[in-house]
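Chemist: quick check, what structure comes out for this input:
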Amino acid sequence: MFANQSQIRPINTYAGWIYAMLVILLSLAVLYALPNIYGEDLAVQVSGEKGAPVAEEIFNEIKLELDSKNVVIKSASNEEGKTLIRFNDSESQLKAKDIVDAFLSKKPGDYGVALNLAPVTPGWLKSIGGEPLKLGLDLRGGVHFLMEVDMESAITKKEEQYVADFKSTFQEKQLRYAAVIKVENLGLVARFRDAETRDKAESAIRQGFSELSTRSRDQDSFFEVVVTIPELEIKKIKDYAVKQNIATLRNRVNELGVAEPLIQQQGSERILVQLPGVQDSERAKRILGTTAIVEFRLVNESAGYNPDRAPAGSELIKQSSTGINFAIRKNPVIDGSHLTDANVGYDENNMPQINVVLDSKGGNKMLLMTSKNINKPMAIIMKETKAIYERVNEELKVVDQKVEKNVVSAPNIGAALGNKFRITGQFTPTEAHDLALILRSGSLIAPVYFVEERTVGPQLGKQNIELGKTSIAVGFIAVLIFMLVYYRVFGLVANIALISNLVFIIAVMSLIPGATLTLPGIAGIVLTVGMAVDANVLIFERIREELKEGVNPAQAIHNGYDKAFSTIADANVTTLIAALVLFGIGTGPVAGFAVTLFIGILTSMFTAIIGSRAVVNLIYGGKTLDKISI
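Modeler: Got it, this is the predicted structure:
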C-alpha cells in the first residue's frame, strides 16, 4: 500500500489542537491557582439577626465607635449581606471584637460578631469561582471555639423526663397521684392521698428506675415518695450531655462542609472546636451554638385574636415577624425529638419552606392530634436558650440565660397530617437552610455557651512552618538545578513540566469543595514531585540508551517516550490504588495525604508524559537532527 508523503506526520510532532488544549488547560490552572498568592486578612465579621445583613447606618456607627477607641482599621465593607472589618494585626482584631460586641449589645436586635480570616482575593477572580486553597490548622490556623455545656440545664431536663416517666408509670399501674413535682434542694416528690398507694408507687419506681434513690415521708395531709439522683448518676448525666453535644456538633460541622475539624472534650464540662480555613465564622458560631428546639402546639382559640392574657394551660408567645401574640397551649403535640429529616423546598410562590419527616411514633401522634382538630390552628414554635455573658478576668463568663420562644407560623390544619409535612413561614433562603441544618443535625441535649473564641495559629508553630516551607523550596530548587545541569535542554523541559505540575495540583485542590491542605498533604505533593522527576528520568535515560545504540536522535526521542510509557504507567497506577485505599480507610491527616497524592499522580503523569513531550516536539520535532542536548 502506498500513501501520499504529505499525509504522513513526521515523528515527534503533535497536532495543533493538542497544543491549543495544553495552552487552555495551563491558562486555567494558572488562573485558579492565582488566588493563593493574595493571602488573607484578620477580620471581624458582623451579621444581623439569623444572618440578616447589617443596616448601613449601624455599619457606619461601628466604624465611628472603633475610630473613637483608636482601633486602626485596614478596610471595611458591607456588601453581599456580609459585614467585614479587616485589621493589620491580631491585637487590633481581638480588641475590635470586644468593642463591637459591647456596642451592639446596647442596640435593639440580636447581632452576631465573630472572628474571621478573610481572603484578599480580587473581585474579578471571585466572579469566576476563584478561591484560595483551604489550609489546615497545622498550616494556617482557623477559628477556635471553647464551649461550656450548661450542666444545670442537662440535669433539669433529665429531672423533667423522670417526672413525665413517673406519671406514665403511675397511669399504667392505675396508681392515682396528687402531684409529681420537683422540690428545690430536695429532689423529685410524688404525692399521694393514702399510704398504701404511696408504697406501691415507691415499689414501682424502685423496680423501673433502679438507678435512683427513694424514701418515704408523711407531709401534712400527703403521703410522699422523695426521689433523689445519686452523685454517680449525676456524673453519668453530665458525661452523656457532653458526649451527645459533641455528636450533634460533629453533625453540624459536617453540614457546614468544614474539612478536618477538631471537636473534642476538654475537661469535664467543656468542648473544644477548631475549624480550619473557615470562611464564614459568624455563621459557624451561630449554627454551632444554637439550641433551637421545634415544637408543634395547638392554639387556644378561646383567647381570641392577639390577646393580652393567656387562659389557664396556655402561654402567650409572640410571632416576631408580625408582632402578634398567640395563646399557645403548653403541652406540645410533638417536639423535635421525633424529627428524622428536614430539607428546604419552595412553594408555588417560590418562597422557602422546610419539608419535615418524623419517626413512626411522632407520625402517629401527629396523625391522632391533627385528625381531631381539622380547621383549627396549630403553631410551630421555635424555642432557643441564649446566654448572657460578662467578661471576668479576660474570660467570658455566663452570668444568666434566657429562653426565647417565637411563633414561626400558625396555619390551620387542613387535613390530618402524618409523618411528612412542611413548615412555612417568613423565611429567607439562608434562614431556611440554616434552620433545616439545625433540625436535621439534632438538638443539643443541653445549651452550650462560648467561653473563648479566637483565631488559632499553626499548631507546629510559625517558625517550624516557615522552616518547612523553606526546606520544600530548597529541595524543589535543588531538583530543578540538578535536572538542568544533568540533562541540559531536556532538563529545562523537565523543569517546565515540574512547575506546571505544581500549578495544576494547587489549581485542582483550590477548585475541589472541602479540600484542605495540611502538612501531610504537602508531603503528598513532595512525593508526587519526586515521582514526576522519576518519570522524566526514565524517559531521558531511555533516550540516552537509544543514542548509544546508534539510533538517530529523532527516532531516539520517539522511542524513549514510547518505550518508557508502560513502565511509568504501571508504577503510577499501583500508587494510585494505594492512594485510593488510604483515602477509603484513613481519616484526618492520612486522608489529606491521600488526596494530594492522588491528584498529584494524575497531574504529574499528564505533565511528565504529554506536557514535556509537547515542549520537546516544539524544539526538536519535524527536523533532521545530528545531535540533541541531553
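Chemist: list the beta-bridge partners for Val149.
Modeler: Val448 (DSSP bridges).
Chemist: shift numbering so it begins at 52
Modeler: Taking 52 as the first residue, the last one we looked at is Val200.
Chemist: hmm, it is touching Glu320, no?
Modeler: Yes. Val200 is within contact range of Glu320, at 5.3 Å (criterion: C-beta atoms under 8 Å). For glycine as for every other residue, the C-beta is placed from the backbone atoms N, C-alpha and C.
Chemist: give me the common contacts of those two.
Modeler: Residues touching both Val200 and Glu320 (C-beta atoms under 8 Å, 6 or more residues apart in numbering): Lys289, Val293.
Chemist: show me which of the two is the more surrounded one.
Modeler: Val200 (24 against 18; other C-beta atoms under 10 Å).
Chemist: distance of the more buried one relative to Glu210?
Modeler: Applying C-beta to C-beta, to the nearest Å, the value for Val200 to Glu210 is 16 Å.
Chemist: got a list of what Tyr538 touches?
Modeler: So Tyr538 contacts Ala545, Asn587, Phe591, Ile681 (C-beta under 8 Å, 6+ apart).
Chemist: let me know the pLDDT of it.
Modeler: On pLDDT, Tyr538 comes in at 89.
Chemist: excluding its backbone neighbours, what's nearest Ile432?
Modeler: Distances taken as C-beta to C-beta, 6 or more residues apart in numbering place Glu346 nearest to Ile432, at 4.4 Å, with adjacent residues excluded.
Chemist: longest helix anywhere in this protein?
Modeler: helix 513-562 (DSSP state H).
Chemist: what's the local residue count around Ser219?
Modeler: Neighbours of Ser219 (other C-beta under 10 Å): 11.
Chemist: okay, now the unreliable bits of the stretch 552-681 of the chain?
Modeler: Residue ranges of the stretch 552-681 of the chain with pLDDT under 70: 565, 638-639.
Chemist: which residues of it fall in strands?
Modeler: Remark: strands assigned in the stretch 552-681 of the chain by DSSP state E, counting those that start in this stretch are 567-568.
Chemist: for it, which segments are assigned as helices?
Modeler: 570-599, 604-636, 640-656, 663-671 (DSSP state H, counting those that start in this stretch).
Chemist: and the stretch 202-351 of the chain, by the same measure?
Modeler: So, for the stretch 202-351 of the chain - with DSSP H, counting those that start in this stretch - the helices run 202-223, 246-259, 282-307, 332-340.
Chemist: out of the helices of the stretch 552-681 of the chain, deepest packed?
Modeler: Mean neighbour count (mean count of other C-beta atoms under 10 Å) peaks for helix 640-656 among the helices of the stretch 552-681 of the chain, with a mean of 23.
Chemist: save the helices of the stretch 202-351 of the chain as a markdown table, and put in mean pLDDT and distance to Leu418 too.
Modeler: Below are these laid out as a markdown table (pLDDT from 0 to 100; distance: least, C-beta to C-beta, whole Å):
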| stretch | mean pLDDT | distance to Leu418 |
| --- | --- | --- |
| helix 202-223 | 87 | 20 |
| helix 246-259 | 92 | 29 |
| helix 282-307 | 84 | 28 |
| helix 332-340 | 74 | 31 |
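Chemist: please identify the most buried of the ones you listed.
Modeler: It is helix 332-340: most buried of the helices of the stretch 202-351 of the chain by mean count of other C-beta under 10 Å, with a mean of 22.
Chemist: relative to helix 282-307, how tilted is that helix?
Modeler: Put simply, helix 332-340 runs at 140 degrees to helix 282-307, going by axes from the mean of the first three to the mean of the last three C-alpha atoms, to 10 degrees.
Chemist: other SSEs contacting helix 332-340?
Modeler: In terms of contacts (3 or more C-beta pairs under 8 Å, 6 or more residues apart in numbering; DSSP states H and E), helix 332-340 is packed against strand 91-98, strand 163-170, strand 193-200, helix 282-307, strand 321-327, helix 480-492, strand 499-507.
Chemist: dump those to CSV, plus distance to Gly187.
Modeler: Output for the helices and strands packed on helix 332-340, formatted as CSV (distance: least, C-beta to C-beta, whole Å):
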stretch, distance to Gly187
strand 91-98, 14
strand 163-170, 13
strand 193-200, 8
helix 282-307, 14
strand 321-327, 5
helix 480-492, 23
strand 499-507, 11
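Chemist: does Asn376 count as helix, strand or coil?
Modeler: Recorded secondary structure, Asn376: strand (DSSP: H, G, I helix; E, B strand; the rest coil).
Chemist: domain boundaries for this protein, per the record?
Modeler: Residue ranges for the domains of the chain, per automatic domain parsing: 56-86+512-671, 91-170, 203-284, 343-491.
Chemist: identify the residue nearest Leu197 in space, chain neighbours excluded?
Modeler: Glu503 (3.7 Å).
Chemist: wait, that neighbour touches His195, no?
Modeler: Yes. Between Glu503 and His195 there is a contact under C-beta under 8 Å: 7.3 Å.
Chemist: ok, these two, which is more surrounded?
Modeler: His195 (19 against 14).
Chemist: shouldn't the more buried one be in contact with Gln325?
Modeler: Yes. With contacts counted by C-beta under 8 Å, His195 reaches Gln325, the gap being 5.1 Å.
Chemist: nearest spatial neighbour of Val602, chain-adjacent residues omitted?
Modeler: Per C-beta to C-beta, 6+ apart, closest to Val602 is Asn610, 6.6 Å.
Chemist: equivalent analysis for Leu93, please.
Modeler: Using C-beta to C-beta, 6+ apart, the nearest residue to Leu93 is Gln144, at 4.3 Å.
Chemist: next, the contact list for the one you found, please.
Modeler: By C-beta under 8 Å, 6+ apart, the contact list for Gln144 reads Leu93, Ala94, Val95, Phe138, Leu166, Thr506.
Chemist: give the buried subset of these as a PyMOL selection command.
Modeler: Command for PyMOL, covering only those of the contacts of Gln144 found buried under the criterion 16 or more other C-beta atoms under 10 Å:
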select buried, resi 93+94+95+138+166+506
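Chemist: closest to Gly637 among the contacts of Gln144?
Modeler: Of all these, Thr506 has the smallest distance to Gly637: 27.8 Å, by C-beta to C-beta.
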